[in-house]
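Novice: Next input, structure requested:
(one chain, ligands or ions: 2)
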Amino acid sequence: MNTINEVKKQEEYIEKIKELNTGKNLKYHILTMGCQLNENDSEKLCGMLENMGYLKTDNFQEADLNLFNTCCVRENAEDKLFGKLGELKRVKEEKGTIIAIGGCMMQEKHITDKIKESYPFVDILFGTHTLYRFPEDLYKALIEKKKQEDILDIDGEIYEGLPIKRDSNIKASVTIMNGCNNFCTYCIVPYVRGRERSREPKEIIKEVEELAKQGYKEITLLGQNVNSYLRVEKEKGKPFEAYEGVNSFATLLRAINKIEGIERIRFVSPHPKDFTDDVIEAIRDCDKVCKLIHLPLQSGNTKVLKEMNRRYTKEQYLNLVDKMKAQIPNLTLSTDIIVGFPGETEEEFEDTLDVVRKVKFEQVYMFIYSRRVGTPGDKMENQIPEDIKHNRFDRLKALVESQIEENNQKYVGTIQKVLVEGTSKNNENMLTGRTDSNKVVIFEGDKHLINQMIELEIVSEHMWYLKGSVYDGSKK
Ligand code: 5AD
Ligand code: SF4
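Specialist: Ligands and ions are numbered 1, 2, ... in the order given. Below is the predicted model:
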């Protein structure tokens, strides 16, 4: 069955469940773990569920359906899932809530085996390649009252046109590609998300145009390796339509930059090894592309990078940063770093600190290396003891925090363009927004400013946010 017919079939299941649910006032709870790609998948699951007549609740105990969208990049997500399932056992016994678990963790056999053995009350297990089929799985679980296991080991197709219920009406994520071909030796993603495959340019452009019409101002393009968008298709001679001249990541940025109504474009994550000049030029030329670029470092040591299969050296990373800084005015950088990769010596870790000192990142996402079953890293000798990993993590964190404090000072007294996102969580009388460099700014202002791009003067800095006041233009 082709993908269009398959989506139609799922729409029919949605309708059937809607009929079953009529007048029942049913609720669902969803717990999403992991990255923005998973959040985007969850928005699709929420779209399906709301079309079936379920209403969202934040209280898992009152939900008629409890859904988990799992991540397996690091170990702590597993502990969280099993903890939550333990809590749900009683709810299941008392109330009979349907429990469905999907996402990356379900592509790992040792996890699904454990669920089937230790948590036999779970109703539905579905994987990353079968998310689109959730309506059918749910229908069968409801009607046949039988457990459903719907996990495929082959790369899924790209299914266009699934319903979606977005979390925000200001910022939207758009997945541009699925899967990853890089096989970094610590990473489980290529095993659970399959090989790289890109969406058709036309589908992406149409989605962004539609979002612009709906009033969205900021778009984040998502993929495990966004700057190799369409690369595999070109290498393998797989046909695609170069709609609006889009035949690469750089041309995609340029095409989206032209879409009226969209004011900001972000993307995560690019890979340093694929950061070609055409991408740097597109970022420089496109006024809507934010100048905060996420450039995952992982380690600052060439030997560790080789062991990680990252395919760049410390020097190549630093040269790339210099080149980008020279070509893109006002460039800021964020990054991901793993500490305690197998075999990492004290000196090798010092190289990571050295790169952090040199680059002065705007933001650093820090991770303690976590062994993932099935990855080459898990089989490496010289795993680093927990106390050393934690010690390195703490030292990196201290350095990063001191840099953030120093960097924050630079904002005070400047005028920043801010996209206003809503009222502040901690103070209803204040508004909150973000700068181009993704810094949170809190300020006093009228609610009509929400979803507008405005200028703020930064008046003070605090570790994780800045304070601003609406700028009246007098400094110009
Ligand atoms: N252990 C720790 N961190 C990891 N990441 C990916 N795999 C692992 C792992 N096994 C981090 C990387 C990646 C980010 C999304 O998660 O830094 O860029
Ligand atoms: Fe994992 Fe590396 Fe692929 Fe990123 S590029 S998803 S870290 S294998």
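Novice: my read: Lys165 touches Glu43, true?
Specialist: Yes. Lys165 lies in contact with Glu43 (Cβ atoms under 8 Å); the separation is 5.9 Å. Yep, even glycine has a C-beta here, placed from its N, CA and C like the rest.
Novice: okay, the two: which has more neighbours?
Specialist: Glu43 (22 against 15; other Cβ atoms under 10 Å).
Novice: wait, doesn't the more buried one sit right on Ser168?
Specialist: No. Using Cβ under 8 Å, Glu43 makes no contact with Ser168, being 9.7 Å away.
Novice: and the stretch 51-200 of the chain, which residues reach ligand 2?
Specialist: With Cβ under 6 Å from any ligand atom as the criterion, the stretch 51-200 of the chain meets ligand 2 at residues 180, 182-184, 187, 189-190.
Novice: Can you lay out these as CSV showing distance to Asn330 and pLDDT?
Specialist: Listed next are those as CSV, based on distance: Cβ to Cβ, whole Å; pLDDT from 0 to 100:
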residue, distance to Asn330, pLDDT
Cys180, 30, 96
Asn182, 29, 96
Phe183, 35, 97
Cys184, 30, 98
Cys187, 31, 97
Val189, 31, 95
Pro190, 34, 95
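Novice: hmm, which of those are the buried ones?
Specialist: For those, a neighbour count by 16 or more other Cβ atoms under 10 Å gives the buried set as 180, 182, 184, 187, 189-190.
Novice: Pull the distance from stretch 318-336 to the chain's centre.
Specialist: The chain centroid and the centroid of stretch 318-336 are separated by 22 Å under Cα atoms, centre = their mean, to the nearest Å.
Novice: again with stretch 232-247
Specialist: 24 Å.
Novice: List the buried residues in it.
Specialist: Buried, per 16+ other Cβ under 10 Å, within stretch 232-247: 232-233, 243-244, 246-247.
Novice: got a markdown table for those residues, with pLDDT too?
Specialist: Listed next are these as a markdown table, based on pLDDT from 0 to 100:
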| residue | pLDDT |
| --- | --- |
| Val232 | 94 |
| Glu233 | 95 |
| Tyr243 | 95 |
| Glu244 | 95 |
| Val246 | 97 |
| Asn247 | 96 |
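Novice: what's the farthest-apart pair in those?
Specialist: Distance extremes for these: the farthest pair is Val232 and Glu244 at 20.7 Å, using Cβ to Cβ.
Novice: Residue numbers of the stretch 101-250 of the chain in contact with ligand 1?
Specialist: 186-187.
Novice: What segments of the stretch 101-250 of the chain are strands?
Specialist: 124-126, 148-150, 171-175, 177-178, 197-198, 218-222 (DSSP state E, counting those that start in this stretch).
Novice: how about low-confidence regions in the stretch 351-476 of the chain?
Specialist: The model of the stretch 351-476 of the chain has pLDDT under 70 over residues 475-476.
Novice: ok, now with 80
Specialist: Scanning the stretch 351-476 of the chain for pLDDT under 80 picks out 474-476.
Novice: For it, just list every one of the helices.
Specialist: Counting by DSSP state H, counting those that start in this stretch, the stretch 351-476 of the chain has helices at residues 376-379, 386-411.
Novice: The stretch 151-300 of the chain now?
Specialist: Along the stretch 151-300 of the chain, counting by DSSP H, counting those that start in this stretch, helices occupy 189-193, 201-213, 231-236, 249-257, 277-285.
Novice: Include distance to Val174 when you put those into CSV, please.
Specialist: Below are these laid out as CSV (distance: least, Cβ to Cβ, whole Å):
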stretch, distance to Val174
helix 189-193, 17
helix 201-213, 6
helix 231-236, 18
helix 249-257, 9
helix 277-285, 17
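Novice: right, so the ones you listed: which one is the most enclosed?
Specialist: helix 249-257 (a mean of 22; mean count of other Cβ atoms under 10 Å).
Novice: Tell me the helices and strands packed up against that helix.
Specialist: Helices and strands touching helix 249-257, by 3 or more Cβ pairs under 8 Å, 6 or more residues apart in numbering; DSSP states H and E, are helix 201-213, strand 218-222, strand 264-268, helix 277-285.
Novice: closest one to ligand 2 among these?
Specialist: For those, proximity to ligand 2 was assessed by Cβ to the nearest ligand atom; strand 264-268 is nearest, at 10.3 Å.
Novice: so who does Ile4 touch?
Specialist: Applying Cβ atoms under 8 Å, 6 or more residues apart in numbering to Ile4 gives the contacts 160-161.
Novice: what about it, which helix or strand?
Specialist: In the assignment (DSSP states H and E), Ile4 maps to helix 3-21.
Novice: What are the buried residues along that helix?
Specialist: Buried residues in helix 3-21, counted by 16+ other Cβ under 10 Å: 7, 10-11, 13-14, 16-17, 21.
Novice: what does stretch 426-444 give?
Specialist: 431-437, 439, 441-443.
Novice: show me where pLDDT drops low in the protein?
Specialist: In the chain (pLDDT under 80), the answer is 1, 154-156, 474-476.
Novice: Show me how it divides into domains.
Specialist: Domain assignment for the chain by automatic domain parsing gives 3-150, 168-290, 293-408, 415-470.
Novice: What separation do you get for Ser168 and Asp274?
Specialist: Separation of Ser168 from Asp274 (Cβ to Cβ, to the nearest Å) stands at 29 Å.
Novice: and those two? which has more neighbours close in?
Specialist: Asp274 (17 against 13).
Novice: Looking at the domains of the chain, which is nearest to Glu160?
Specialist: Short answer: domain 168-290, nearest of the domains of the chain by Cβ to Cβ, at 5.2 Å.
Novice: gap between the two ends of that closest one?
Specialist: This stretch, domain 168-290, spans 19 Å end to end (Cα to Cα, to the nearest Å).
Novice: How about stretch 368-388?
Specialist: Span of stretch 368-388 from end to end, Cα to Cα: 10 Å.
Novice: That one near ligand 2 anywhere?
Specialist: No. Using Cβ under 6 Å from any ligand atom, we find that stretch 368-388 stays clear of ligand 2, coming within 9.0 Å at best.
Novice: Report the contact partners of the nearest residue to Gly245 once chain neighbours are set aside.
Specialist: Nearest residue to Gly245, sequence neighbours excluded (Cβ to Cβ, 6 or more residues apart in numbering): Thr251, at 5.6 Å. The contact partners of Thr251, taken as Cβ under 8 Å, 6+ apart, are 245, 278, 282.
Novice: Likewise for Glu362?
Specialist: Counting by Cβ under 8 Å, 6+ apart, Glu362 makes contact with 292, 332-334, 407, 437-439.
Novice: Look at Ile337 and give its secondary structure.
Specialist: Judged by DSSP: H, G, I helix; E, B strand; the rest coil, the three-state class of Ile337 is strand.
Novice: got a list of contacts for stretch 461-468?
Specialist: Residues from elsewhere that reach stretch 461-468 (Cβ under 8 Å, 6+ apart): 401, 404-405, 408-409, 411-412, 416, 418, 435, 439-443, 456-460.
Novice: Put the buried members of the residues you listed into a ChimeraX selection.
Specialist: Of these, the buried ones can be selected in ChimeraX as follows, counting by 16+ other Cβ under 10 Å:
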select :404,408,411,416,418,435,439,441,442,443,456,457,458
